[in-house]
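Student: Fold the following and give me the result.
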Amino acid sequence: MHPLAIVGATAGKLAHYAVCGAVGALIIKKLPDAQPAARKALVSGLAGGIVASRWLSSAAEEARLKAGDVLAEARTSLGEEVPPPSAVKVDHDDHGHEH
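Tutor: Numbering: from 1, shown residues only. Have a look, this model is predicted:
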């Protein structure tokens, strides 16, 4: 996996956990005493956190794909064969049966 993809995924997860933790703490401490307007604002904030989390996840995946495309293009320009994208490294000589 490309280092930028790891950094992007980690940043997205950290942002997600930070937003969820902050909202969760507010819910536990304030929700029982909240007025309807405050509750509505809290729900809107939580919905915004969910949307931001999805956007960050999408942006991290897009960055990973673009980095893979650039890496493949660089290998092609050097005359190397580009391996298919895979999350798992496979040894092509040992694939479970005899020839």
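Student: For the helix or strand of the chain at the bottom of the mean pLDDT ranking, which helices and strands make contact with it?
Tutor: One helix or strand of the chain scores below all others by mean pLDDT, DSSP states H and E: helix 3-30, with a mean of 75. Packing contacts for helix 3-30, counted by 3 or more CB pairs under 8 Å, 6 or more residues apart in numbering; DSSP states H and E, involve helix 36-77. (Glycine included, C-beta is placed from N, CA and C.)
Student: Next, the angle helix 3-30 makes with the helix it packs on.
Tutor: 170 degrees (axes from the mean of the first three to the mean of the last three CA atoms, to 10 degrees).
Student: Can you list the helices and strands that helix 36-77 packs against?
Tutor: helix 3-30.
Student: Okay, buried residues for the helix it packs on please.
Tutor: 5, 8-9, 12, 15-16, 19, 23, 27 (16 or more other CB atoms under 10 Å).
Student: would you turn those residues into TSV with distance to K40?
Tutor: TSV is the format used below for the buried residues of helix 3-30 (distance: CB to CB, whole Å):
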residue	distance to K40
A5	38
G8	33
A9	33
G12	27
A15	24
H16	23
V19	18
V23	14
I27	13
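Student: Would you point out the most distant pair within those?
Tutor: A5 and I27 (32.4 Å; CB to CB).
Student: Just list the residues touching G12, thanks.
Tutor: By CB atoms under 8 Å, 6 or more residues apart in numbering, the residues touching G12 are 53, 56-57, 59-60.
Student: Setting aside sequence-adjacent positions, which residue approaches it most closely?
Tutor: Closest residue to G12 apart from its sequence neighbours, by CB to CB, 6 or more residues apart in numbering: L56 at 3.8 Å.
Student: what number of residues lie near the one you found?
Tutor: 19 (other CB atoms under 10 Å).
Student: next one: phi and psi at E81?
Tutor: phi -80, psi 130 (degrees, to the nearest 10).
Student: re the thing from before, are any of the contacts of G12 buried, and if so which?
Tutor: Buried among the contacts of G12 (16+ other CB under 10 Å): 53, 56-57, 60.
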